[in-house]
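In: kindly return the folded structure for what I paste below:
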Amino acid sequence: MDKASFIGVLIAVGCLGFVAFHASHGHLMMFYSQEGVFTVIGGSISVVFMSMPMEKLKKVPGYLKAFMFNKGKSATEVIKIMGDLGEKARREGILSLESDMDKLGDPFLAAGLKMAIDGAAPETIEQTLRLEVLAMQDRHKSGKKFFDLIKLYGPGWGLVGTLVGQVGMFGSLGSGDIDVLGKMLALAVVATMYGTVLANAIAGPIGDKLAIRSGEEILCREMVIQGVLSIQGGDNPRVTVDKMMAFVPQSQRAKLKLAA
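Out: Numbers count the residues shown, from 1 in each chain. A predicted model of the protein is given here:
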């Protein structure tokens, strides 16, 4: 569980619920509009279906899982793993790492070590692993794109609902039916609220968190590439760690060296 994401969701739900409860004096159903849901939620869903291929949309549950659960390794963990592998390769030879590949739980690192053990050229290893990084970036962009589309078009559909409500209200002025006028006015206001909440309290933060996670994973994979190439080259384990430290801000290096 990503603690920051969970805390953020709790704060958002708590604050919005508190304000809504007090504003409605406990009658929360006044914030519900079936027409608003169909317009804003349905409209936003239509946008992503029109904008993205089906194979990308099937991965939406995975995007939400990546937001709430962070399974990626931190820079500290990567440095420790690569340092330990470098120590073992230095003592027992690079072939001794073959028994560790299944225990790593990281297909990317395992693929790099396998090529190094098999004696592939450093250029081949680096090129292959970088192609994997590019493919991963493309997958991550699809996740962020999904939420960016909702963030972009959700308020637009909210405006559509507002305009529909206003047209309905103006069209009912002659009848003088206060119930119809109130319903249309509620639709106009609630649709705008739905679009704003959807874009700024849901889609926007999730997309930004996925972008940050993507950057962190790319950084860790770059560290792995340098670590694998360093181990294959027979570098001293300290040199291997120092190469990976180049990807970490100066302010964090002392702490990471202690952890490693």
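In: quick one: contacts for residue 97?
Out: 85, 88, 89, 113, 116, 117, 231 (CB atoms under 8 Å, 6 or more residues apart in numbering). No exception for glycine: its C-beta is placed from N, CA and C like everyone else's.
In: can you get me a residue count around the residue lying closest to residue 132 once chain neighbours are set aside?
Out: Among residues not flanking residue 132 along the chain, residue 108 sits closest, at 6.1 Å (CB to CB, 6 or more residues apart in numbering). Neighbour count for residue 108, taken as other CB atoms under 10 Å: 18.
In: just checking, residue 108 touches residue 129?
Out: Yes: applying CB atoms under 8 Å, one finds residue 108 in contact with residue 129, separated by 7.1 Å.
In: find residues that contact each of the two.
Out: Shared contacts of residue 108 and residue 129 (CB under 8 Å, 6+ apart): 221, 224.
In: returning to that earlier point: report the buried residues of the one helix or strand the residue nearest to residue 132 maps to.
Out: Using DSSP states H and E, residue 108 falls within helix 107-117. By neighbour count with 16 or more other CB atoms under 10 Å, helix 107-117 contains the buried residues 108, 109, 110, 111, 112, 113, 115, 116, 117.
In: check which helices and strands that helix sits against.
Out: In terms of contacts (3 or more CB pairs under 8 Å, 6 or more residues apart in numbering; DSSP states H and E), helix 107-117 is packed against helix 122-171, helix 204-232.
In: and these as a markdown table, adding distance to residue 72, mean pLDDT and mean neighbour count?
Out: Putting the helices and strands packed on helix 107-117 into a markdown table (distance: least, CB to CB, whole Å; pLDDT from 0 to 100; neighbours: other CB atoms under 10 Å) gives the following:
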| stretch | distance to residue 72 | mean pLDDT | mean neighbour count |
| --- | --- | --- | --- |
| helix 122-171 | 11 | 90 | 17 |
| helix 204-232 | 5 | 90 | 20 |
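In: so for residue 16, which of the ones you listed sits nearest?
Out: For those, the distance to residue 16 is smallest for helix 204-232, at 13.3 Å, taking CB to CB.
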